[in-house]
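Colleague: quick one, fold the following:
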Amino acid sequence: MTGQFTPDPSQQPTGTPPGWTPPPSGDAWYPQGLTATATLPPPIIPAPARRAGRLRIGVAGLLAGALIGGGAGAGVVALTDGSGAATATPTAQSVVIQDPENATAVTAAAAKAAPSVVTVYVTSGSGSGSGSGVVLSEDGHVLTNDHVVTLDSATDSATVQVRTSDGTLYDATVVGTDPTSDLAVIRLQGADGLTPATFADSDEVQVGDLAVAIGAPLGLSDTVTDGIVSATNRAVATGSTQDDATVIDALQTDAAINPGNSGGALVDASGEVIGINTAIASVASGAPGSSSQSGSIGVGFAIPGNTAQRIADEIIATGSATHAVLGVSAQTAASTSGSEVGTGAEVVQVQPGGAAAAAGLQAGDVVTAVGDRAVTTSTELTAAVRSAAPGDDVALTVRRGGATTTVEVTLGSSAG
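Modeller: This next block holds a predicted model:
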């Protein structure tokens, strides 16, 4: 299966809470999501059950990107009109520098970027929700998450509306979606003179850099939170089932990101976009000191801006996007039998005629690095490959038997 990597089944949590679909396997990340027919949940989503003794990265379990915005499973605050129908009651609020001489870096960054961040409202027969988006063009192209505009994979068509930072409400149409990267582009009808966001080179982002998140958490438009870039090239897997699992080569931040921030901007000190906020972690239910409900705990993830821009440009041009693929199925290679410590990504199957086959990779090979980037799990291999573009040349460090060698691979291409 091109571009798909077989996860380690020993990483699966046990038990499925009522109303939840089983999460996909992944390296210690346990996504959370509702079935398409589930009713709109409370404003703060409970974390799924999880096997005791398998807590990683503190007591954090990854919530699917679907929990940050849009959709019946998005965990977005739904304000009601008393009749039970979900309604949106936003309040437009611009970020204005009142005292320039004493303005902080966060104030300046937010003032520059906030006009380019919008709130996205989505409604369908199966539910409604809201998320965020980033303006790409003056005439109304907006980048957001796939799970926002599709209501977390709802099967029926959805109505999309967008409110800009000045309070104007537009109807919008979906230009195209890319579930693999969890990105989508929509276009506002009749829009003109919008303020496009400025994108930084996300490859230049460093741990410790200022990070400012702007979006509509819990439906609260133009909300600004700040922190730092906690990690780069963080491989995380989100999704409510294995079929809709999305592996992200993410920027990690401790800037507060909550349900509704999804699709919004993560910007640097200059107010330039370095990432599109897409996923959060939550304290696992039943863990020491935890509760059944949780918001931000300082572990959030964003799709790097360079990747987001490439995907957005392809969607605008053709309605879809392409992705780099290696052409293998892989699983995490354990240090010892029964161990949960990964030592690489073991190739299980090589696709005939694919990039890996052309480079001479074989079943049983263990990939331990992509370029200078260490690989300890199959998820990390997936993320490293997806961070590249089709046709890129990459150097794989491969362990075969007792020997280690470097294999040059020209990555293939796959649509969607």
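Colleague: need the longest helix for the protein.
Modeller: Ranked by number of residues, the top helix in the chain under DSSP state H is helix 305-318.
Colleague: give me the helices and strands touching whichever helix or strand comes after that helix, please.
Modeller: Using DSSP states H and E, the next helix or strand after helix 305-318 towards the C-terminus is strand 322-325. On a contact count with 3 or more Cβ pairs under 8 Å, 6 or more residues apart in numbering; DSSP states H and E, strand 322-325 meets helix 378-386, strand 412-415. Every residue, glycine included, has its C-beta placed from N, CA and C.
Colleague: strand 322-325 pairs with which strands, and in what direction?
Modeller: strand 412-415 (antiparallel) (DSSP bridges).
Colleague: how about the strand it pairs with: buried residues?
Modeller: Going by neighbour count (16 or more other Cβ atoms under 10 Å), the buried part of strand 412-415 is Gly412, Ser414.
Colleague: please save the CA atoms from it in CSV.
Modeller: Output in CSV follows, covering the C-alpha atoms of strand 412-415 (Å, rounded to 0.1, in the frame of the first residue of the first chain):
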residue,chain,number,x,y,z
GLY,A,412,7.2,9.0,-5.7
SER,A,413,3.9,10.8,-5.9
SER,A,414,0.4,10.0,-4.7
ALA,A,415,-2.8,12.1,-5.0
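Colleague: now tell me what touches that strand from outside.
Modeller: 2-3, 320-327, 354-355, 390-391 (Cβ atoms under 8 Å, 6 or more residues apart in numbering).
Colleague: let's see it at 10 Å
Modeller: 2-4, 178, 180, 314, 318, 320-327, 351, 353-358, 385, 389-391 (Cβ atoms under 10 Å, 6 or more residues apart in numbering).
Colleague: and if you look at stretch 353-362?
Modeller: Contacting residues not belonging to stretch 353-362 are listed as 2-3, 324-328, 330, 347, 349-351, 365, 367, 385, 390-391, 394, 396, 398, 400, 405, 407-414 [Cβ under 10 Å, 6+ apart].
Colleague: out of the residues you listed, name the ones that lie in strands.
Modeller: 324-325, 328, 330, 347, 349-350, 367, 394, 396, 398, 400, 405, 407-410, 412-414 (DSSP state E).
Colleague: these, buried ones only, as a ChimeraX selection?
Modeller: In ChimeraX syntax, the buried subset of the ones in strands among the contacts of stretch 353-362 is picked out as below (16+ other Cβ under 10 Å):
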select :324,325,328,330,347,350,367,394,396,398,407,409,412,414
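Colleague: in the chain, where is pLDDT below threshold?
Modeller: For the chain, the stretches with pLDDT under 70 are 1-102, 152-156, 239-245, 283-295, 338, 416.
Colleague: walk me through the domains of it.
Modeller: What automatic domain parsing lists as the domains of the chain is 31-320, 322-415.
Colleague: for the last one, measure first residue to last.
Modeller: By that I understand domain 322-415. 4 Å (Cα to Cα, to the nearest Å).
Colleague: stretch 394-410 now?
Modeller: Termini of stretch 394-410 sit 6 Å apart (Cα to Cα).
Colleague: at which residues are the strands of the stretch 51-200 of the chain located?
Modeller: 60-63, 79-80, 86-87, 117-124, 127-135, 141-144, 159-163, 169-178, 183-188 (DSSP state E, counting those that start in this stretch).
Colleague: residues of the fifth one that come out buried?
Modeller: Neighbour-count burial for strand 127-135, with 16+ other Cβ under 10 Å as criterion, is recorded at Gly127, Ser128, Gly129, Ser130, Gly131, Ser132, Gly133, Val134, Val135.
Colleague: now the angle from that strand to strand 117-124?
Modeller: 150 degrees (axes from the mean of the first three to the mean of the last three Cα atoms, to 10 degrees).
Colleague: what segments of the protein are helices?
Modeller: Under DSSP H, the chain gives helices at 105-113, 146-149, 305-318, 355-359, 378-386.
Colleague: out of the contacts of strand 412-415, which end up buried?
Modeller: Buried among those (16+ other Cβ under 10 Å): 2-4, 178, 180, 314, 321-327, 351, 354-357, 385.
Colleague: what residues does the residue nearest to Thr164 when sequence neighbours are not counted make contact with?
Modeller: Of all residues not flanking Thr164 in the chain, Val118 sits nearest, at 5.2 Å (Cβ to Cβ, 6 or more residues apart in numbering). When contacts are counted by Cβ under 10 Å, 6+ apart, Val118 touches 131-135, 140, 142-144, 162-165, 168, 170, 172, 186, 188, 194, 215-216, 221-222, 263-265.
Colleague: neighbours of Asp192, how many?
Modeller: 8 (other Cβ atoms under 10 Å).
Colleague: er, Ala197 actually
Modeller: 25.
Colleague: same deal with the one 5 residues further on?
Modeller: Here the neighbour count serves as a burial measure; for Ser202 (other Cβ under 10 Å) it reads 23.
Colleague: ok, now how distant is it from Ala250?
Modeller: 11 Å (Cβ to Cβ, to the nearest Å).
Colleague: mutual contacts of these two, please.
Modeller: With Cβ under 10 Å, 6+ apart as the test, Ser202 and Ala250 both reach Thr232, Gly275, Ala302, Ile303, Pro304, Thr307.
Colleague: okay, those residues in TSV with neighbour count and distance to Lys112 next?
Modeller: Putting these into TSV (neighbours: other Cβ atoms under 10 Å; distance: Cβ to Cβ, whole Å) gives the following:
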residue	neighbour count	distance to Lys112
Thr232	18	23
Gly275	32	16
Ala302	30	18
Ile303	28	21
Pro304	24	20
Thr307	23	22
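Colleague: return the most buried member of the helices of the chain.
Modeller: Comparing the helices of the chain by mean neighbour count (mean count of other Cβ atoms under 10 Å), helix 146-149 comes out on top with a mean of 33.
Colleague: give the other helices and strands that that one contacts.
Modeller: strand 117-124, strand 127-135, strand 169-178, strand 183-188, strand 273-283 (3 or more Cβ pairs under 10 Å, 6 or more residues apart in numbering; DSSP states H and E).
Colleague: format these as JSON lines; extra columns: distance to Leu210.
Modeller: What follows is the helices and strands packed on helix 146-149, written out as JSON lines (distance: least, Cβ to Cβ, whole Å):
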{"stretch": "strand 117-124", "distance to Leu210": "17"}
{"stretch": "strand 127-135", "distance to Leu210": "18"}
{"stretch": "strand 169-178", "distance to Leu210": "29"}
{"stretch": "strand 183-188", "distance to Leu210": "24"}
{"stretch": "strand 273-283", "distance to Leu210": "10"}
